[in-house]
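Engineer: one predicted model, sequence on top.
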Amino acid sequence: MFFRMLKGALFRQKSKMIMIAITIALGASLATAMLNIMLDVGDKMNQELKTYGANITVVPKESSVIDDLYEIEDGSTTKAFLKEEELGKIKTIFWAFNIVDFAPFSDTTAALSDGTAVKVVGSWFNHHLALPTGEELDAGVTSLRSWWEIKDGEWIDEQNSEGNSAMVGSVLAEKLGLSAGDTVTLSTDNGKETLKVVGIFDAGGDEDEQIFTTHDVAQKLSGTEGLLNSIEVSALTTPDNELAVKAAKEGPGSLTPKEYETWYCTAYVSSICYQIQEVITDSVAAPVRQVADSEGTILEKTQLLMILITILSLIGSALGISNLVTASVMERSNEIGLLKAIGARDYRITGIVLTEIIITAVFGGAAGYFMGYGFAQIIGQTVFSSSIEMKPMVIPIVAVLIVLVTLIGSIPAIRMMLRLRPAEVLHGR
Amino acid sequence: MKRQKMFLKMITASILRRRSRMLVALLAIAVGATILSGLVTIYYDVPRQMGEQFRNYGANMIFTPASGERLTDDTVSEALSQIDSANVVGCAPYRYEAVTILERPYMAAGVDMAEVEKTSPYWSINGEWPSQSGEILVGTSVASTFALSVGDDMTLTYDLGAPEGATVDEAKNGISENVNEKSFSVVGILDTGGNEEDYVYISLEDMEALTTEKGGYDVAELSVSANSDELSAYVDSINEDGAVSARLVKRVTQSENTVLSKLQALVFLVTAIVLVLTMICVATTMMAVVAERRKEVGLRKALGASNKSIIFEFMGEGLLLGGVGGLLGSVLGFLFAQMVSANVFNSSITFHFALVPLTILVSVLVTGLSCILPVRSAIDIDPALVLKGE
């Protein structure tokens, strides 16, 4: 009997039930989309913030200690370098997956044909890396200096150029009257190189007076094959908290073993630095505060903003659903009056109404989840041009939310119905 | 006159007598209106508030002398007057001088600490910012070279150049050294991960005392809260005047543009989707509330009411509900936006008065439209059928 009544209510009042299901689906899709975006916005914004460039620099451990000890004044001979062969190790650290970009830098001073000295920087542009893990990555200044404005020509394309290419800073290019397609000759004690100018860039800083070229050319000029001056690393990091601050200030040695483990296994900028130092011999990896700290602030704010907007839309969809449920249960006073008149117990009436609503809610909620998936992907594709990861934890949250909301929405209405006297209701008052 | 009175009476009676149902409808509309006004307020304010957060990246404009001469207070403040003062977060002039610390050459910068704190908020200082004369901020690498820690004393030596009358030889051999020494106490050690770690920072007054002259500034860093178009306009108008050459720090301005536009697009899309879904929710609830009154419509038709007057009455009701709900929603929405702003950005939000009529208009429209559909379908059927309950 119970099931027959249920079936009757569900199928005979089709349009009404469909409307409830639609509203629940809308609410559920809103909740799904917002929760997924909220959970993923940190990662997505983190990627966007990579346009600010590297947040970690790796330099050789100062040789100044030796200088001080033996009072060697001529710094150039004792200058420390990093080893090029160790570069790949950066992608083998615990948080290797979070390292999105890195580039080695080796610089030297060379003389132009007219004798003026310029700073020549060798680096990667779009260096293709095939890692043992199977991951492939294009790393280099093309992405690490995304704010450079190419005034003339284009970026050096390492994969398709014949080599010996250079990019010249806008200030220097103006001074020398260079434009894309010209050649420059650079000479040092170690040799002479003729480079083709591929592009002129405006960096809005000191780099405007420098020449950028590929790594091997700069090394040949400086006579330091296989050696690097510095490495810039761009990593996805977690905003610092108390633990990270403590580790950074007092050193990882001050942490208890448990704290150390948590710190080491969290992508704090300080723990990534520490891990880089572990793999690169005699190196000091330090966070670039301007980028690392600001990233943290902006990520935190964005996440908090999205959390609050999510809460508002959750409350909104919850109230929307429970409102409709209340309205549609109230509407059925006649039917409930009749049921009471023919002797139905309160709990049976409650049972029937609730089961009906819950069945509708389950269907609506399931449809809503997939709609929400669609909305989240629309937002992900339009804003970040990448898909939003659907977290499995959202499903139980949305399910619990929908069930709770429909129950809470129907309870006051049902209680009101039960208080009604059948005679009055049937009479139409 | 009489008709209008009757009309008002019917509307108020229907609202008052069916209190609980109307409360449900009103709640639905108010929730929709709250979300509308709250999200739109946030959407308008987020770029401004977020823009302020992006100032954490530090200076986005730099003044350098246009000619060989250094910047002075006058030229800087004249250039500064070209920028809307409300947008200037900070303007920190730097005066660099070569000094020696224990015979080793270093660069010392004379700065206005309070302004630097504004233009370079990312400076991580172990200790405190110098606040009075005789205090010095030391870069990490300088501190580690001399094993300095907070509380230590150090001396800066400035070479005033060969005194008048001294021969070149005398100056070279340091026989008649003309140097000025000043002792400072280290109050903070600066960690930035950049070049700043190789410098020491003292106040402008101390720099004057050390060098015994009031020199100009080498560079001034500015943090201006404006979008990239406004920034380039400022730069152009400053460069026209000539005394100061202004440049944008591309790394900061370009990147801010990219990230901020993404963020704005995100908030926009989220707002749009949430609004559309909420409005549909409001509409379905209203439809449910009205659909239940099919009997009433039938009865009225049976009594001889015209279709027009029935629709008119329902619309009147919708108007009233939409208006009250919209008004309620604009207030609640503003409170919500205010809460978000206080929690996320620690600042208050401006109340957009234009949003009140907009919110009310949208809620009235949504309510009106969602009333019309069920009422029309009730009107179209034979009153007898509706009354019979089919």
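Structural biologist: Perfect, I can see it now. Here the structure is a predicted model, which means the values were calculated and not measured.
Engineer: grab the nearest non-local neighbour of the closest residue to chain A within chain B.
Structural biologist: The nearest approach of chain B to chain A comes at B:K250, 2.9 Å away (Cβ to the nearest Cβ). C-beta coordinates here come from the backbone N, C-alpha and C atoms, glycine included. Counting by Cβ to Cβ, 6 or more residues apart in numbering or on different chains, B:K250 lies nearest to A:G204, which is 2.9 Å off, once chain neighbours are set aside.
Engineer: what stretches of the chain score poorly on pLDDT?
Structural biologist: Since no chain was named, I'll use chain A. A:1-2, A:5-6, A:9-12, A:62-79, A:425-429 (pLDDT under 70).
Engineer: wait, chain B
Structural biologist: Scanning chain B for pLDDT under 70 picks out B:1, B:15-18, B:162-177, B:386-390.
Engineer: which residue ranges of it form strands?
Structural biologist: Remark: strands assigned in chain B by DSSP state E are B:61-65, B:88-101, B:104-111, B:124-127, B:135-139, B:153-159, B:179-191, B:199-203, B:219-224, B:244-248.
Engineer: which one of the ones you listed lies closest to A:N241?
Structural biologist: Nearest to A:N241 among those is strand B:124-127; the distance by Cβ to Cβ comes to 15.0 Å.
Engineer: spit out the contact partners of the residue nearest to A:K91 when sequence neighbours are not counted.
Structural biologist: In space, and not counting its chain neighbours, A:K91 is closest to A:L131: 5.3 Å by Cβ to Cβ, 6+ apart. Counting by Cβ atoms under 8 Å, 6 or more residues apart in numbering or on different chains, A:L131 touches A:G88, A:K91, A:L137.
Engineer: can you put these in a markdown table and add secondary structure and neighbour count?
Structural biologist: Putting the contacts of A:L131 into a markdown table (DSSP: H, G, I helix; E, B strand; the rest coil; neighbours: other Cβ atoms under 10 Å in any protein chain shown) gives the following:
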| residue | secondary structure | neighbour count |
| --- | --- | --- |
| A:G88 | helix | 12 |
| A:K91 | helix | 18 |
| A:L137 | strand | 15 |
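Engineer: give the helix, strand or coil label for the residue in the stretch 301-429 of chain A positioned nearest to chain B.
Structural biologist: Here the stretch 301-429 of chain A gets closest to chain B at one residue, A:G320, 3.5 Å apart by Cβ to the nearest Cβ. Here A:G320 is recorded as helix under DSSP: H, G, I helix; E, B strand; the rest coil.
Engineer: didn't it look like it was pressed against B:A30?
Structural biologist: No - between A:G320 and B:A30 there is no contact, the gap being 11.3 Å when judged by Cβ atoms under 8 Å.
Engineer: between these two, which one's more packed in?
Structural biologist: Under the criterion of other Cβ atoms under 10 Å in any protein chain shown, the comparison of A:G320 against B:A30 puts A:G320 first, with 31 against 24.
Engineer: nearest residue to that one other than its sequence neighbours?
Structural biologist: Distances taken as Cβ to Cβ, 6+ apart place B:C281 nearest to A:G320, at 3.5 Å, with adjacent residues excluded.
Engineer: contacts only, for the residue nearest the centre of chain B.
Structural biologist: Centroid check for chain B by Cα atoms, centre = their mean gives B:Q49 as the closest residue, at 1.3 Å. Under the criterion of Cβ under 8 Å, 6+ apart, the contact list for B:Q49 reads B:S341, B:V344, B:F345, B:S347.
Engineer: need the strands of chain B in CSV with distance to chain A and mean neighbour count, can you?
Structural biologist: Below are those laid out as CSV (distance: least, Cβ to the nearest Cβ, whole Å; neighbours: other Cβ atoms under 10 Å in any protein chain shown):
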stretch, distance to chain A, mean neighbour count
strand B:61-65, 9, 20
strand B:88-101, 13, 20
strand B:104-111, 10, 19
strand B:124-127, 5, 16
strand B:135-139, 12, 25
strand B:153-159, 17, 16
strand B:179-191, 7, 18
strand B:199-203, 14, 23
strand B:219-224, 12, 24
strand B:244-248, 6, 19
